[in-house]
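> the following comprises the amino acid sequence and a computationally predicted model.
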There are 2 protein chains.
Amino acid sequence: MTVTGFTRNPPFIDDLARSESGRLLRAELGRRWPETTDQLLTIARYALLPAGKLLRPIMTLHAAEAVGGSPRDVLAAALGTEYLHVATLVHDDIIDADTLRRGRPAVPVAFGIPDAIVAGDHLIFTAFAAIVDGGRAVPPGHVVAALAALAEAGQDLCRGQALEARLVGDLDAGARWYPEMIRLKTGALFRAVCHIGALLGGADPTVAAALARYGEHIGTAFQIRDDLLSYVATPEQTGKPATSDLNNGRPTLPLLLAYAAATDTARVELMAVLHRRGAGPGDVQWVTALLDEVDAVEAARRQLVGHAERARAELAVLAPSASADVLSGIATWMTSETA
Amino acid sequence: MTVTGFTRNPPFIDDLARSESGRLLRAELGRRWPETTDQLLTIARYALLPAGKLLRPIMTLHAAEAVGGSPRDVLAAALGTEYLHVATLVHDDIIDADTLRRGRPAVPVAFGIPDAIVAGDHLIFTAFAAIVDGGRAVPPGHVVAALAALAEAGQDLCRGQALEARLVGDLDAGARWYPEMIRLKTGALFRAVCHIGALLGGADPTVAAALARYGEHIGTAFQIRDDLLSYVATPEQTGKPATSDLNNGRPTLPLLLAYAAATDTARVELMAVLHRRGAGPGDVQWVTALLDEVDAVEAARRQLVGHAERARAELAVLAPSASADVLSGIATWMTSETA
């Protein structure tokens, strides 16, 4: 089986979105973000609904349940992780001048940049309020730790974005900083997602820390998977134009590995494509052929598998449960391929 | 004495900035934000230093001390309120396309809009981390309440900005929504500033709530004072062009009161000036004359005095102390005029 068949949402994640957790979250989202004439809440509703796969809040619920907590008690906090995620998407779409998100006009296109900035800020603050709201069943010390985890993840996310911006078009620096960049940019929020679930589910610090490390590896794997998708999936599957990463000069892992393995001539050409910031179909084809030639996608995939395995190993602290199985299943899904 | 002599920083606030609290905060800011090659921290340093009057964190320290806490214990949290304030200024300068801030190029001008968005987000997250950091001397329940207060203030701030954006150029709606708009836009953060200081200083909920109300009235008074300054102070004193509010079509209180009291002809002309978005010296003169004619500045000043008096009344819950005197002095200062 080849990676060509990689799709964004193979059955496991679709099933998860349709599971009891997914239904709970979707109902709560709809209840909390009704139609309104308020401009700020209208933008939030547009950004949040219809909901995506809700992978992050689903993981918060299962992390809580896996340590003996009740998913219903942490519902508000789980949605908080989604608010933070969506807030960063809203601000990212301004920064990257991306016009499409989930196949619809991105928030800055639909509502303008000023309102998109304020709506993103508002969602960030609402994320913190949601953690407070979702922490009523545990001692306040756990809630403080959960809020600290969210704040740290937010800081890391910003550092990851800033680092990525400095690496754009610079494949030498990209190869050096890529692991740290994706750990910050994507790993950190998944770390917080699981850490918060464990803390608000009542876990002791050791177990909560193990679930935090699980989350960071899952997030890192998720970003590598996303990097791979840019080269092997269609725009319909990813929801963004195939040339988006190339046009942004984004140093994705397959590109960095191809660069490292390529001839001097190919390196010069690859840098030229990235600097052009307007890749045509010919460029995309040429890059795809280069990736094949040096087996860069397979090499990237090996790194993905490594993170998924380290994530799964952290779950050894958990007693067997349906939620522990789901968390383990997410690690397995990260490396899955479908026809 | 006329309001013409109104200046941004009459002696009391200058003295406060030079006081022990001000020195403590300035030293801590410098220590926490050293020169660095990190782009994100460099932008934060540029936005935070040289520090302004630090009125908000100084109030956090005095609120803590007034309820029996130690200013040193809450130093980190006090700076957190400054981070949130500065974050909103960074994002505001993008939204309003203001190019100057404290007499220097604004952050978006100096570093570009994308980095300004991310640096503002980073400061927001750092504000929450700072409250956690500054809450080590009190029970975690107080820290959760302080974090909740910061999150609520942030949400209110965004709602206030969104409301203001909808009122731009609409003097009818402005007159209706102005009190709520400034309560959200400026009152809310001052409320949190004092609430957080009281909570982390160890105050019981009743006293903390009274200080929160004190802060909201102070913030509201502060915004009215700022509205007044736009018409009676020079650009050197306010640090922004005299035409800034007119050009942005901002519905400031003197304008709204002038509109309410003006003839139909003057109302039409006033709306025309606001809609022009490029007020010249002639427009500014005409608006100033209209304000004088209907005594709008004095009417706005009466509202300011009302909020300052209600703020001072909330301080009755405090035992006498030097910090209680400072908080009372701030209320007095709000209404002060200097030659």
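Great, that's in hand.
> select the helix or strand of chain A having the lowest average pLDDT value.
helix A:235-238 (a mean of 56; mean pLDDT, DSSP states H and E).
> after the strand or helix carrying A:Val90, next one along is what?
Using DSSP states H and E, A:Val90 maps to helix A:75-95. Next in sequence after helix A:75-95, counting helices and strands by DSSP H and E, comes strand A:100-101.
> report the mean per-residue pLDDT for that next one.
For strand A:100-101, the mean per-residue pLDDT is 90.
> who does it pair up with?
strand A:104-105 (antiparallel) (DSSP bridges).
> so how far is the helix or strand following the partner strand from its chain's centroid?
Proceeding N to C from strand A:104-105, the next assigned helix or strand is helix A:107-111, under DSSP H and E. In this view, helix A:107-111 has its centroid 21 Å away from the chain centroid, taken as Cα atoms, centre = their mean, to the nearest Å.
> what does helix A:107-111 contact?
Contacts to helix A:107-111, defined as Cβ atoms under 8 Å, 6 or more residues apart in numbering or on different chains, come from residues A:39, A:43, A:46-47, A:90, A:93-94, A:99, A:101, A:104, A:116, A:119-120. C-beta: built from backbone N, CA, C; applies to glycine.
> okay, how far is it across stretch A:49-59, tip to tip?
With Cα to Cα, to the nearest Å as the measure, stretch A:49-59 spans 19 Å from end to end.
> give the buried residues for that stretch.
A:Ala51, A:Gly52, A:Leu54, A:Leu55, A:Arg56, A:Pro57, A:Ile58, A:Met59 (16 or more other Cβ atoms under 10 Å in any protein chain shown).
> restrict stretch A:128-140 to CA atoms and write it as CSV.
C-alpha atoms of stretch A:128-140 as CSV (Å, rounded to 0.1, in the frame of the first residue of the first chain):
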residue,chain,number,x,y,z
PHE,A,128,-9.4,30.3,29.6
ALA,A,129,-12.9,31.0,30.9
ALA,A,130,-14.0,27.5,29.7
ILE,A,131,-11.2,25.8,31.6
VAL,A,132,-12.4,27.6,34.8
ASP,A,133,-15.9,26.5,33.9
GLY,A,134,-14.9,22.9,33.3
GLY,A,135,-13.0,22.6,36.5
ARG,A,136,-15.8,22.7,39.1
ALA,A,137,-15.5,19.0,39.9
VAL,A,138,-11.9,19.0,41.0
PRO,A,139,-9.8,20.8,43.7
PRO,A,140,-8.7,24.3,42.5
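> quick check, that stretch touching chain B?
Yes: contact of stretch A:128-140 with chain B (Cβ under 8 Å from any Cβ of the partner chain) involves A:Phe128, A:Ala129, A:Val132, A:Gly135, A:Pro139, A:Pro140.
> tell me the one among the buried residues of stretch A:49-59 nearest to B:Pro251.
Within the buried residues of stretch A:49-59, the smallest distance to B:Pro251 is 36.9 Å, found for A:Ala51 (Cβ to Cβ).
> I'd say that closest one and A:Leu24 touch.
No: contact criterion Cβ atoms under 8 Å: A:Ala51 and A:Leu24 do not qualify, at 11.8 Å.
> distance of the residue of chain A positioned farthest from its centre from A:Gly174?
Distance from the C-alpha centroid of chain A, by Cα atoms, centre = their mean, peaks at A:Thr265 (34.3 Å). For A:Thr265, the distance to A:Gly174 (Cβ to Cβ, to the nearest Å) stands at 19 Å.
> can you pull the contacts of A:Ala136?
Careful, residue A:136 is Arg; it's not Ala. Here A:Arg136 is in contact with A:Asp73 (Cβ under 8 Å, 6+ apart).
> so it sits in a strand?
No: read with DSSP: H, G, I helix; E, B strand; the rest coil, A:Arg136 is coil and lies in no strand.
> from the stretch 151-300 of chain A, which residue is nearest to chain B?
Among all residues of the stretch 151-300 of chain A, A:Gly154 sits closest to chain B, at 3.4 Å; criterion: Cβ to the nearest Cβ.
> number of residues surrounding that residue?
A:Gly154: 26 surrounding residues under other Cβ atoms under 10 Å in any protein chain shown.
> mind listing what's buried along the strand or helix carrying it?
Counting by DSSP H and E, the element that carries A:Gly154 is helix A:140-167. Counting neighbours by 16+ other Cβ under 10 Å, one finds that the buried residues in helix A:140-167 are A:140, A:142-167.
> what's the following helix or strand past it in contact with?
Remark: after helix A:140-167, the chain's next helix or strand is helix A:171-182, criterion DSSP H and E. Where contact means Cβ under 8 Å, 6+ apart, the residues beyond helix A:171-182 that reach it are A:160, A:163-164, A:166-167, A:220, A:223-224, A:251, A:253, A:255-256, A:259-260, A:267, A:270-271, A:274.
> now, of the residues you listed, which are buried?
A:160, A:163-164, A:166-167, A:220, A:223-224, A:251, A:253, A:255-256, A:259, A:267, A:270-271, A:274.
> count residues in the vicinity of the closest residue to A:Leu89 other than its chain neighbours, would you?
If the residues on either side of it in the chain are set aside, A:Leu89 comes closest to A:Arg101, at 6.5 Å by Cβ to Cβ, 6 or more residues apart in numbering or on different chains. Per other Cβ under 10 Å, the neighbour tally for A:Arg101 reads 22.
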